[in-house]
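In: Sequence isn't available, so here's the structure alone:
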């Protein structure tokens, strides 16, 4: 719970680089809609939040340079590309670009399991355990409560839309794509100007656009 800010930033980064079925984005990611280019998801695809990772410190020999920490997300605007926030045994987040995943084979070794246990114990001592939330505060982020409310929706993070009713104009109709529809304009009315809204295109008796 004490790391909610890192998690929130990580979730927002993933949402920005993920396409949804929102009609307004036309199948593109929010990142591409705003910036005009396809996002690079390399830094988001390799690690999961709070995953154990190896990072390297500049220690003098014979001290080990490779340390175990917890991954907290991208460290944007710090250092070079592929730089991440890591939670080390000190409990003080650091930024490192030399990061490697802990392999499944390493996780099964007694040495790594013991080191990971020491890391988690040190973090719990500083932040509190997940069971107690650290400071006796109520569990506002109760995952069971959230998932129960979303049980009816297989994908709670993507907006869902009802099918269009019969009689609604086709999306390819030029009127639907007309850039002037819904535009607000000032029109003269007597000696003053009033605000109007474009609602349709003027047509002749045969249905052809006029002007």
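Out: Ah, there it is. Because the structure is a prediction, the values reported are computed rather than measured.

In: From residue 27, how far out is residue 53?
Out: 33 Å (C-beta to C-beta, to the nearest Å). All C-beta spots, glycine's among them, are computed from the backbone N, C-alpha and C.

In: ok, those two, which is more surrounded?
Out: A count of neighbours by other C-beta atoms under 10 Å puts residue 53 above the other of residue 53 and residue 27, at 22 against 10.

In: Are there helices or strands packed against the helix ranked longest in the chain, and which ones?
Out: Secondary structure of the chain read by DSSP state H shows that its longest helix is helix 110-127. Contact partners of helix 110-127 among helices and strands, from 3 or more C-beta pairs under 8 Å, 6 or more residues apart in numbering; DSSP states H and E: strand 66-74, helix 104-107.

In: repeat that for 10 Å
Out: strand 52-56, strand 66-74, strand 84-87, helix 104-107 (3 or more C-beta pairs under 10 Å, 6 or more residues apart in numbering; DSSP states H and E).

In: relative to strand 66-74, how tilted is it?
Out: Interaxial angle of helix 110-127 relative to strand 66-74 (axes from the mean of the first three to the mean of the last three C-alpha atoms, to 10 degrees): 50 degrees.

In: Helix 110-127: which residues count as buried?
Out: 112, 115, 116, 119, 120, 123, 127 (16 or more other C-beta atoms under 10 Å).

In: Repeat that for stretch 44-62.
Out: Buried-residue list, stretch 44-62, by 16+ other C-beta under 10 Å: 44, 47, 50, 52, 53, 54, 55.

In: Distance to residue 80 added to those residues, as a markdown table?
Out: Output for those, formatted as a markdown table (distance: C-beta to C-beta, whole Å):
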| residue | distance to residue 80 |
| --- | --- |
| 44 | 16 |
| 47 | 17 |
| 50 | 23 |
| 52 | 23 |
| 53 | 17 |
| 54 | 18 |
| 55 | 15 |
